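[1] Everything below, folded, please.
(4 chains)
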There are 2 protein chains.
Amino acid sequence: MSATEIRPRNPQEPQRRSLHQTILDDLKGRILSGKWPPGTQIPFEQDLARQFACSRMTVNKVMTQLAAAGLIERRRKAGTFVKRPQSHTAIMTIVDIRSEVEALGLPYHYEILSRDIRMPRAAEAERLGAKGRILAIVCRHFAARQPFCFEDRLINLELVPEAEKEPFEILSPGAWLVSKVPWSDAEYRIRAVAADDEIAEKLLIESGTPCLTIKRRTTIDAVPVTAVNLTYPGTDHEVSARFTSRAI
Amino acid sequence: MSATEIRPRNPQEPQRRSLHQTILDDLKGRILSGKWPPGTQIPFEQDLARQFACSRMTVNKVMTQLAAAGLIERRRKAGTFVKRPQSHTAIMTIVDIRSEVEALGLPYHYEILSRDIRMPRAAEAERLGAKGRILAIVCRHFAARQPFCFEDRLINLELVPEAEKEPFEILSPGAWLVSKVPWSDAEYRIRAVAADDEIAEKLLIESGTPCLTIKRRTTIDAVPVTAVNLTYPGTDHEVSARFTSRAI
DNA sequence: TAGTGGTCTAGACCACAGC
DNA sequence: CTGTGGTCTAGACCACTAA
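    From the prediction side, this is the model:
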């Protein structure tokens, strides 16, 4: 009879999660973990359907979601590829207004003030949200020979052990991390502060000058990657952000 | 023959947009426009399938997307309903730290300092992004009898004409707008400033005190709704934001 | 218990971009 | 021209829950 045809799913597999979710989690995991770095070609729908023993429609639904989420890019005939994430700066941007005014080609450099590998102190462990070994870096960024940002960063060495050997000569720690961990979540806390003596000295301003501080904590799948405090001197720096009630 | 059965789509309708997109835009439009306010029950999948002359699977795909986007909420047996948007404060929160410290139940009030209906000046038209009549409101918010926010707001009367008659006695302009226009997009620009004389007077602080300013512009489908400048005195106020590399 | 959403299929046609 | 993604269907079974 056609009874067996009517029940296409295998009844002896109760499957807690939906097939959707299983496939989605699988593919998403490979992308977020970096196992499939940006540019990687993802198998064709037909192949995936065979691998997961399901219909192409089911795979297609997952791929549609991944594409809508911006994790992959699809082109007819060519195939499907892991997308390079638009960095957070696309939606959350630190604008240096003097830089804007002086247009392009401002000479930029930065210097590392200190670099330390250690177990975190209690406050640092709380700040980062992890208790394992950390890399603590303090540095200054300059634009047009003027200091424009003081950076105090903790990096979770258990998640990013390569950071231990990295000299950060070419890329600043932030830029290097973005290249290493392209997909991540971030929490921001922004406030105005009056410069204390240390900050004032480092940023060549007077104590009490208004500054903008940004505390950012970055995680990937809820695992802390890095925690950074950025201090921008004076009133010429601006954070811009954009929130959309979800594009579809 | 079964040839006609093999081609279920009507060939004389070339349809530029996919059926997906058409249905999605339709439903999305009714939700965003407020024609279907939060809580409204959306027709059942079967009914929608009949209305749009398509299969339930097609409708289901759209509904799944709307649900993933947070615009609707679905419950088995009960049906599908327009969701009340979690306000932007859920992802972008202005934290008053003294309020947190003093826990719940701080006495709150606010006062309107000025209220003006007029055509916008050039700078205001640019700030709002619209040239029609505006309602300009200046007000102060207090917590525990201390001023904690100075607000300077423009409202686009062409989009929200009801604001003209609204006394804002119960709800502050911001809260009132959220109730009127639940779904909107927002751009933020945040910076540290030194209080000028006017701000210092209004917030009962000394000139030059660091303050946090937030400029927010709110749009709905790219049409400006309101532009507001918020100034928080001192260093005890914090903006927190959260960015996720897109949840799926 | 009945009815809704949730999932899945096997197959079909189409549009488009690489080859 | 070939193969990929894009779309759509008619129907099936399942899971949950409100009534």
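
[2] And chain A, what are its domain boundaries?
    A:3-82, A:88-241 (automatic domain parsing).

[3] comparing those, which gets the lowest mean pLDDT score?
    Note on the domains of chain A: domain A:3-82 shows the lowest mean pLDDT, a mean of 78.

[4] Contact partners for the residue in chain A that DNA strand C sits nearest to?
    Going by C-beta to the nearest atom of the strand, DNA strand C is nearest to residue A:19 of chain A, at 2.5 Å. No exception for glycine: its C-beta is placed from N, CA and C like everyone else's. Each residue near residue A:19 by C-beta atoms under 8 Å, 6 or more residues apart in numbering or on different chains is listed here: A:52, A:54, A:58.

[5] Can you select the buried ones among those residues for me in PyMOL?
    Remark: buried members of those, expressed as a PyMOL selection using 16 or more other C-beta atoms under 10 Å in any protein chain shown:
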select buried, chain A and resi 52+54+58
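
[6] near DNA strand C, from the contacts of residue A:19?
    Filtering the contacts of residue A:19 for neighbours of DNA strand C using C-beta under 7 Å from any atom of the strand leaves A:54, A:58.

[7] Okay, and which of the contacts of residue A:19 map to helices?
    Among the contacts of residue A:19, DSSP state H puts residue A:58 in helices.

[8] Please report how far the residue sitting nearest the centre point of chain A lies from chain B.
    The residue lying closest to the centre of chain A (C-alpha atoms, centre = their mean) is residue A:184, at 3.1 Å. In this view, residue A:184 and chain B are 6 Å apart by C-beta to the nearest C-beta, to the nearest Å.

[9] So that residue is in contact with residue A:225, correct?
    Yes - shown here, residue A:184 and residue A:225 form a contact pair, counting by C-beta atoms under 8 Å, at 5.8 Å.

[10] shared neighbours, the two?
    A:218-219.

[11] tally of neighbours for the residue nearest to residue A:162 when sequence neighbours are not counted?
    If you skip the residues right next to it in sequence, residue A:162 has residue A:180 as its closest partner in space, 6.8 Å away by C-beta to C-beta, 6 or more residues apart in numbering or on different chains. Neighbour count for residue A:180, taken as other C-beta atoms under 10 Å in any protein chain shown: 17.

[12] Run through the residues that contact residue A:180.
    Residues near residue A:180 by C-beta under 8 Å, 6+ apart: A:160, A:162-163.

[13] For these, give me TSV that also has distance to residue A:229.
    Putting the contacts of residue A:180 into TSV (distance: C-beta to C-beta, whole Å) gives the following:
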residue	distance to residue A:229
A:160	18
A:162	23
A:163	18
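
[14] Would you write a PyMOL line that selects the buried entries of the residues you listed?
    Buried subset of the contacts of residue A:180, written as a PyMOL selection, criterion 16+ other C-beta under 10 Å:
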select buried, chain A and resi 160+163
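
[15] if we take the contacts of residue A:180, which one ends up nearest to residue A:242?
    Nearest to residue A:242 among the contacts of residue A:180: residue A:160, at 28.2 Å, using C-beta to C-beta.

[16] doesn't residue A:181 make contact with that closest one?
    Yes - counting by C-beta under 8 Å, residue A:160 touches residue A:181, with 6.8 Å between them.

[17] Show me the common contact partners of those two, please.
    With C-beta under 8 Å, 6+ apart, residue A:160 and residue A:181 have common neighbours residue A:225.

[18] need the strands for chain A, in chain order.
    A:41-42, A:72-75, A:79-82, A:92-96, A:108-118, A:134-143, A:146-156, A:185-194, A:210-220, A:223-233, A:237-243 (DSSP state E).
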